[in-house]
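Undergrad: Sequence first, then the predicted structure:
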Amino acid sequence: MIRARGLTRTFKRGKDVVEAVKGIDVDVAEGELVAFLGPNGAGKSTTLRMLTSLLSPTAGSAQVAGYDVVAHPAQVRARLGFIGQGNGGGFSYKVRDELHNQGRFYGLAPDVYKRRAADLVDALELTGLEKRSVQSLSGGQRRRLDVALGLMNHPPLLFLDEPTTGLDPHSRANLWEHIAAMRERYGMTVVLTTHYLDEADSMAERVVVIDHGEIIADAAPDVLKREYADDVLTLDVAGDEATVRGALPPDLGEVAVTPRDGGLRVRVATARGADRLPGAIEALRLAGATTTSASVKQASLDDVFLNLTGRSLREEAAA
Amino acid sequence: MSERTETTTLPDARGGEHEAPRIVTRTGAGKFLTDTRAVFTREILLTVRDPFTLIFSLLQPLIFLGLFGPLLTGTFGGGFGGAGAGLSTGETLQWFVPGVIVMISLFGTSMTGSNLLYEVMTGSYERVLATPLDRSAILVGRALKEFAPLLVQGLIIAAVCVPFGFRFHVLPAVVGLVLLGIFGIGVGALSHALALAAKNREWLFWGVQQSLLFPLLILSGMMLPLEAGPGWMQAAARFNPLTYMVDAERVLFAGRFDDTAVLWGVVAAVATCAVGLVVGIRRTHRTV
């Protein structure tokens, strides 16, 4: 569905030349749900805008939905839906009018776009709001209208740029349910950008981590976490440090022991933590050390980002 | 013009097949016209849905006429000098009405970008750009929306002036309006480009628009005859495309085609339109 090679974009900022995207290669197969994850300014949106033909690349090429984005931008646009960071619906317009306008923009016949608008109003819980002005809608309703606008042409490929930014947690979850439902219904390929780690983790089947205009990792969230970050086992143990260190299997991982409440607190960084925990407790028991409490902290995508870049995405997003 | 409709069938995960997507990919002049119509339809919707704006935009030219007309008649009738000295009310209107019509069209089309400013800020302009709409159709459709009310306004003005001795010649007037439409598309496209350049700085758009609009208006002899002005003003007017528009409209509204002023008007209109579209489309590509 997407095949990009050496995609590059530079911007001039006064006398400086900023390389926003530095020659990235990326392929997206039909039916995939891919999230571009990275801090603000990493080049996610710039990449998305090049793939949607809104921005021409400085170098490199991209084939999207079977067409070259530079040579045939209108053909590319006819085949995709794009939901930008802002609100697509004109604030002074009525909901239904904007859906019909969007249908005309894609050159659809009136009977086709009217039926499609009615279907989408129904599917995205916009019923009863058709005659309301976009301005009068809540943030969540406006975003659902944006999704409806992006789907008016029944695109085989849908792009979403920071779809849930600025929404409250409830509206975020609600929007995700709708995106997932629409994807299942129409069998679309979905490409989105986000700086929400939990969103990329729970929703995407594949995460492309972008930093400073480069792809630094690209895999399923579970694979990324297994490969680039460790789970952390925390055990409270009654026993002495030498026994504990001697008992734990050498291949388990790095062990840190600190005294706590008369016993010891043992932390082990390891892959597949949940699988290794029972064995570790058993080994300690056989050596005569009793485990009084145990927990596994699973690796997060933030740990992945931290290990890859030395920076925390969570902290950058909050800053 | 070629048209191709592509149909792909996608399986519905919930069993069965949903309505197959239809990707319409027209090309050439046909696409330009349907796209322009689609953009125009969206833009004009706001005017049609808001009767107050409509009423005021129709009243505005009448107010101009009501306030300026008597002053001009008084000036000319009082022998203030210049070309129009000693004219009757009818003759004054014949001179003044084409000027008012050019002025309304300039006011309207030069504000094309103002709606855009807001849409750029909220994000709906980006959504429009992400559709397969022809880029020049976006410019032309938006400019025509500002121009369309002029057709109605022009008719009202003419109708109101006829009892006072204004003579309305249908065919030349229609040609005059078409010419203004071409000119207006150029002005609208330039205003569009200005809005994109101004981005979030609304004051910049209005500052530039206003400081260009009034010198252009005055230096075209639209409201007051330039014959009474100093030599440098008359020289400056020669470089103002609006001067040629006003001159051409006066000849056309007088019911004549046989004047080189009409030809110069056509040149000015086409040149403004071409420059406007080139600048506008370039700016559109640079912005996105």
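TA: Done, it's in.
Undergrad: okay, how far is it across stretch B:251-270, tip to tip?
TA: The stretch stretch B:251-270 measures 18 Å between its terminal residues, going by CA to CA, to the nearest Å.
Undergrad: Of all the residues in that stretch, which ones are buried?
TA: For stretch B:251-270, the neighbour count (16 or more other CB atoms under 10 Å in any protein chain shown) marks B:251-254, B:261-262, B:264-266, B:268-269 as buried. Where you see a C-beta, it was placed from the backbone N, CA and C, and this is true even at glycine.
Undergrad: Likewise for stretch A:11-28?
TA: Of all the residues in stretch A:11-28, those buried under the rule 16+ other CB under 10 Å are A:20-24, A:26, A:28.
Undergrad: Could you identify the most distant pair in these?
TA: Using CB to CB, the pair of these lying farthest apart is A:20 and A:28, separated by 20.0 Å.
Undergrad: about what we covered before: strands - which of the buried residues of stretch A:11-28 land there?
TA: Under the assignment DSSP state E, these contribute A:20-24, A:26, A:28 to strands.
Undergrad: Closest to residue B:214 out of the residues you listed?
TA: The shortest approach to residue B:214 among these belongs to residue A:20, at 40.9 Å (CB to CB).
Undergrad: count of neighbours near the closest residue to chain A within the stretch 101-250 of chain B?
TA: Each residue of the stretch 101-250 of chain B has a distance to chain A, by CB to the nearest CB, and the smallest belongs to residue B:123, at 1.7 Å. Taking other CB atoms under 10 Å in any protein chain shown as the neighbour definition, residue B:123 ends up with a count of 21.
Undergrad: which residues touch it?
TA: Contact analysis of residue B:123 by CB atoms under 8 Å, 6 or more residues apart in numbering or on different chains lists A:84-88.
Undergrad: how about the nearest residue to it, chain neighbours excluded?
TA: Taking CB to CB, 6 or more residues apart in numbering or on different chains as the measure, residue B:123 lies nearest to residue A:86, with 1.7 Å between them; neighbours along the chain are not counted.
Undergrad: before we move on, what SS does that neighbour have?
TA: Of the three states, residue A:86 takes coil according to DSSP: H, G, I helix; E, B strand; the rest coil.
Undergrad: The one 10 residues further on now?
TA: The three-state label given to residue A:96 by three-state DSSP is helix.
Undergrad: roughly how far apart are it and chain B?
TA: Residue A:96 is 11 Å from chain B, where distance means CB to the nearest CB, to the nearest Å.
Undergrad: Which residue, neighbours along the chain excluded, lies closest to that residue?
TA: Counting by CB to CB, 6+ apart, the nearest residue to residue A:96 once its immediate chain neighbours are dropped is residue A:130, at 4.0 Å.
Undergrad: pLDDT score assigned to the one you found?
TA: The predicted local distance difference test score for residue A:130 is 94.
Undergrad: if I've got this straight, it is in a strand?
TA: No: residue assignment for residue A:130, taken from three-state DSSP, gives coil, which places it outside any strand.
Undergrad: From start to finish, how long is stretch A:218-238 in a straight line?
TA: Here the two ends of stretch A:218-238 are set 42 Å apart, with distance taken as CA to CA.
Undergrad: do stretch A:263-276 as well
TA: End-to-end distance of stretch A:263-276 (CA to CA): 22 Å.
Undergrad: and what of stretch A:153-164?
TA: The first and final residues of stretch A:153-164 sit 22 Å from each other (CA to CA).
Undergrad: avg pLDDT for that stretch?
TA: Across stretch A:153-164, the average pLDDT comes to 92.
Undergrad: Same check on stretch A:170-185?
TA: Rounded to a whole number, the mean pLDDT of stretch A:170-185 is 88.
Undergrad: Might you report the residue contacts of the residue of the stretch 1-150 of chain A found nearest chain B?
TA: With distances taken as CB to the nearest CB, the stretch 1-150 of chain A approaches chain B most closely at residue A:86, which sits 1.7 Å away. The contact partners of residue A:86, by CB under 8 Å, 6+ apart, come to B:121-124, B:126.
Undergrad: if you set the cut-off to 10 Å instead, what comes out?
TA: Residues in contact with residue A:86 (CB atoms under 10 Å, 6 or more residues apart in numbering or on different chains) are A:146, A:161-162, B:119-127.
Undergrad: Max pairwise distance over those: which two?
TA: Within the contacts of residue A:86, two members stand farthest from each other by CB to CB: A:162 and B:119, at 19.0 Å.
Undergrad: Give me the sheet partners of the helix or strand hosting residue A:208 and which way each runs.
TA: Using DSSP states H and E, the secondary-structure element containing residue A:208 is strand A:206-211. Strands that pair with strand A:206-211, judged by DSSP bridges, come out as strand A:33-37 (parallel), strand A:214-219 (antiparallel).
Undergrad: Looking at those, which is nearest to residue A:12?
TA: Put simply, out of those the one that sits nearest residue A:12 is strand A:214-219, at 20.2 Å, with distance taken as CB to CB.
Undergrad: On the C-terminal side of that closest one, identify the next helix or strand.
TA: The element immediately downstream of strand A:214-219 (helix or strand, assigned by DSSP H and E) is helix A:221-228.
Undergrad: how far off strand A:33-37 does that next one point, in degrees?
TA: Relative orientation of helix A:221-228 and strand A:33-37, computed by axes from the mean of the first three to the mean of the last three CA atoms, to 10 degrees: 40 degrees.
Undergrad: Kindly provide the whole-number mean pLDDT of stretch A:49-56.
TA: Taken as a whole, stretch A:49-56 has a mean pLDDT of 92.
Undergrad: List the contacts of stretch A:133-140.
TA: The list of residues contacting stretch A:133-140 from outside it, by CB under 10 Å, 6+ apart, reads A:87-95, A:97-98, A:125-126, A:129, A:141-146, A:164, A:166-168, A:170-175, A:178, B:49, B:122, B:124.
Undergrad: Which of the contacts of residue B:123 sits closest to residue A:66?
TA: Using CB to CB, residue A:84 comes nearest to residue A:66 of the contacts of residue B:123, at 22.9 Å.
Undergrad: And for that closest one, the neighbour number?
TA: The burial count assigned to residue A:84 is 25, neighbours taken as other CB under 10 Å.
Undergrad: which stretches of chain B form helices?
TA: Under the criterion DSSP state H, chain B carries helices at the ranges B:28-49, B:51-77, B:89-110, B:112-122, B:124-129, B:135-161, B:170-198, B:202-218, B:231-237, B:241-253, B:260-287.
Undergrad: cool, and the stretch 201-319 of chain A?
TA: Per DSSP state H, counting those that start in this stretch, the stretch 201-319 of chain A carries helices over the ranges A:221-228, A:241-247, A:273-286, A:301-309, A:313-318.
Undergrad: Tell me which of those helices sits nearest to chain B.
TA: Closest of these to chain B is helix A:313-318, at 21.1 Å (criterion: CB to the nearest CB).
Undergrad: re earlier: any idea which of the helices of the stretch 201-319 of chain A is most buried?
TA: The highest average neighbour count among these, using mean count of other CB atoms under 10 Å in any protein chain shown, belongs to helix A:301-309 at a mean of 21.
Undergrad: between it and helix A:221-228, how big is the angle?
TA: Computed by the same axes, to 10 degrees, the angle between helix A:301-309 and helix A:221-228 is 40 degrees.
Undergrad: Now that we have the contacts of residue B:123, can you turn them into JSON lines and tack on distance to residue B:277?
TA: Written out in JSON lines, the entries for the contacts of residue B:123 read as follows (distance: CB to CB, whole Å):
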{"residue": "A:84", "distance to residue B:277": "26"}
{"residue": "A:85", "distance to residue B:277": "29"}
{"residue": "A:86", "distance to residue B:277": "26"}
{"residue": "A:87", "distance to residue B:277": "29"}
{"residue": "A:88", "distance to residue B:277": "26"}
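Undergrad: For the residues you listed, name the two members farthest from one another.
TA: Farthest pair in the contacts of residue B:123 (CB to CB) is A:85 and A:88. Separation: 10.2 Å.
Undergrad: Look at the two and report which has more neighbours.
TA: Looking at residue A:85 and residue A:88 with other CB under 10 Å, you find the greater number of neighbours at residue A:88, namely 26 against 15.
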